[in-house]
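Enquirer: Kindly generate the corresponding structure for this input.
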Amino acid sequence: MNSSLPPLPASLLRQAVVLHQQGSLPAAQALYRQVLELAPRQFDALHLLGVIARQQGDAAAAIDLIGQALAIDPVQPKAHANLGVALLDAGRAAEALASHEQAITLHADYAMAWSNRGNALRQLQRPDDALLSYQRALALQPHYPEAHCNRAIVLQELGRYEAALHAAEDALDQRERYADAWFARGNALHCLRQLPDAVDSFERAIALRPQWAEAHSALGASLQRHGDFAAALAAYDRALALKPHHALAHYHRGNTLRSLGRMQEAAAAYRTALAHGDDPQTIAFALASVGAGATPATLPGDYVRTLFDQYANHFDQHLTEVLGYRTPAALDALIRRTGPADAAPLDIVDLGCGTGLCAPYLRPYARRLDGVDLSQHMLDKAADRALYDDLACADLVGYLDGRDGAWDLAVAADVFVYIGDLAPVFSAVHRALRAGGRFCFSVEANQGDDYVLRPSNRYAHTLTYLQQLAAATGFTVLATEDLAVREENGAPLAAHAVLLSK
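Expert: All right, here's what the predicted structure looks like:
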């Protein structure tokens with residue numbers, strides 16, 4: 001603090017700082033302004049007025065005031081760091097990053113600047129760099145709850161849910177009454193399917209910050225996934241009472257109403273979500289799933305990617321132990337029954353390979369086994385099996401394009417439940433197969449329209465549609481088989497296994 005001030009402004013400044021530290025912002029603000037009336041270029045008064053403006057939610061005023069202070073004394077690292085925080089509040093992440101890096105240039109061991117630098121990097125979609133920045137902050141100041149919590153958030157975004165959980169708990173070890181850390185812990189537990197614990201964490205966050213609409217909405221999501229639909233609906237209603245324009249809460253409320261069989265109310269909730277800015281493509285398929293709109297040709301790629309990124313850690317266990325998943329074994333049996341016993345090893349592509357549940361069946365007769373999926377987190381699990389020669393994160397049709405005659409066999413197990421119009425896929429697979437190559441896949445069974453989007457957000461196809469599409473594309477149907485590929489709500493789910501030949 002400037003010690004060269006005359007006695008009166010110096011005394012006012014000291015009083016203002018005490019009031020500021022006590023949380024008496026309006027009183028401190030008034031005294032800082034009195035200081036500036038007596039000494040218009042007083043750095044501390046300008047800087048701390050800017051800090052108060054930011055605390056009061058006025059990022060523009062904060063940027064202006066702290067900028068004025070730095071014009072007077074540009075070598076103050078705390079002011080650069082506080083300017084960076086205000087710039088990030090204003091959505092100016094690149095400028096915020098520059099401010100934090102200037103603070104670090106002036107003070108290399110400034111833990112807060114390293115942590116806030118991570119926040120700017122996260123907003124700039126540079127999560128790996130953000131993680132390194134948080135880790136640098138914690139190396140400098142291990143007992144830094146904000147840095148632990150920020151680290152949990154970026155680990156969550158990277159799909160590293162176990163690590164995110166530990167980071168959130170590290171933050172809570174330092175500060176138990178920390179709503180953001182309880183929220184981060186809840187998000188990690190939700191993705192790890194530890195739903196009762198997730199509910200508890202969100203409730204603790206809400207107890208500390210009752211007006212937090214996003215926490216009420218997240219609580220609803222965990223209750224919904226746990227099957228407590230009435231409680232989930234109540235949580236979404238509380239979120240929307242606090243934040244009526246919260247599009248995501250309207251969307252998830254629609255999903256809950258759909259689970260309760262209240263389809264007209266679900267459609268109304270989806271339309272409200274759209275009115276408040278939700279993604280039109282997402283809402284289109286949600287409306288179709290409750291019979292309130294035209295069936296889209298395919299699900300949005302971002303929806304499928306996000307679904308399986310979150311599902312990757314427990315995908316195998318949930319399918320095999322909870323849902324009784326049998327599709328890979330059924331497709332393998334169909335392929336073996338219709339192929340020569342002494343066939344040479346094949347070049348095989350596993351379309352929508354996920355975590356690689358088909359790989360143990362395909363590898364024994366594969367010369368080369370390639371896999372493709374939209375979800376990188378699923379592919380990471382597939383890579384752990386060490387059974388694939390190559391794995392690619394891509395859209396199926398885009399991946400197959402330009403790979404004419406590359407494979408002898410294409411397999412798609414439980415993939416076309418996310419694609420309605422299969423014509424582009426059939427054409428791409430046909431081009432990618434060699435003469436005589438085979439295409440084996442499963443679909444959920446439908447009666448009536450060629451394909452329909454069900455309330456489960458999965459497509460079902462008729463066998464007639466598949467046969468007609470195969471003929472139109474240039475495939476011969478070698479075999480079809482009715483399956484019960486897995487269970488849904490305790491009952492077998494009807495499906496078809498199909499084997500085609502080019």
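Enquirer: Report the separation between V304 and V349.
Expert: As defined by Cβ to Cβ, to the nearest Å, V304 lies at a distance of 18 Å from V349. In this view, the C-beta of every residue, glycine as well, is placed from N, C-alpha and C.
Enquirer: between the two, which one's more packed in?
Expert: V349 (30 against 20; other Cβ atoms under 10 Å).
Enquirer: mind checking how far the helix or strand the more buried one falls within is from the chain centre?
Expert: V349 belongs to strand 346-351 when assigned by DSSP states H and E. Averaging C-alpha positions (Cα atoms, centre = their mean, to the nearest Å) puts strand 346-351 29 Å from its chain's average.
Enquirer: Show me the shaky parts of the stretch 1-150 of the chain.
Expert: Applying pLDDT under 70 to the stretch 1-150 of the chain flags the ranges 1-3.
Enquirer: For it, which segments count as helices?
Expert: Assigned by DSSP state H, counting those that start in this stretch, the stretch 1-150 of the chain shows helices spanning 7-21, 25-38, 43-55, 59-72, 77-89, 93-106, 111-123, 127-140, 145-157.
Enquirer: what comes up buried for the third one?
Expert: In terms of neighbour count (16 or more other Cβ atoms under 10 Å), helix 43-55 has its buried residues at 43-54.
Enquirer: For K78, see how far away the closest residue to D401 other than its chain neighbours is.
Expert: In this structure, D401 finds its nearest non-sequential neighbour in A428, 6.4 Å apart by Cβ to Cβ, 6 or more residues apart in numbering. Remark: distance between A428 and K78 (Cβ to Cβ) = 57 Å.
Enquirer: Helix or strand with the lowest mean pLDDT in this structure?
Expert: Using mean pLDDT, DSSP states H and E, helix 315-317 stands out as the lowest-scoring helix or strand of the chain, at a mean of 50.
Enquirer: Go through the very next helix or strand once past that one and flag the buried ones.
Expert: The helix or strand immediately downstream of helix 315-317 is helix 327-338, counting by DSSP H and E. Residues of helix 327-338 classed as buried by neighbour count (16+ other Cβ under 10 Å): 327-328, 330-332, 334-335.
Enquirer: now stretch 378-387
Expert: Quick answer for stretch 378-387 (16+ other Cβ under 10 Å): 378-382, 387.
Enquirer: From those residues, pick the one nearest L453.
Expert: In terms of Cβ to Cβ, no member of the buried residues of stretch 378-387 lies closer to L453 than M378, at 22.1 Å.
Enquirer: and the helix or strand harbouring that closest one, what other elements does it pack with?
Expert: Using DSSP H and E, M378 sits in helix 376-384. Counting contacts by 3 or more Cβ pairs under 8 Å, 6 or more residues apart in numbering; DSSP states H and E, helix 376-384 is packed against helix 301-311, helix 315-317, strand 366-373, strand 390-393.
Enquirer: Now do the phi/psi pair for the closest residue to L189 other than its chain neighbours.
Expert: Spatial nearest neighbour of L189, chain neighbours left out: A198 (3.8 Å); criterion: Cβ to Cβ, 6+ apart. For A198, the backbone dihedrals (degrees, to the nearest 10) come out as phi -60, psi -40.
Enquirer: Could you report the distance from A198 to R403?
Expert: In terms of Cβ to Cβ, A198 sits 42 Å off from R403.
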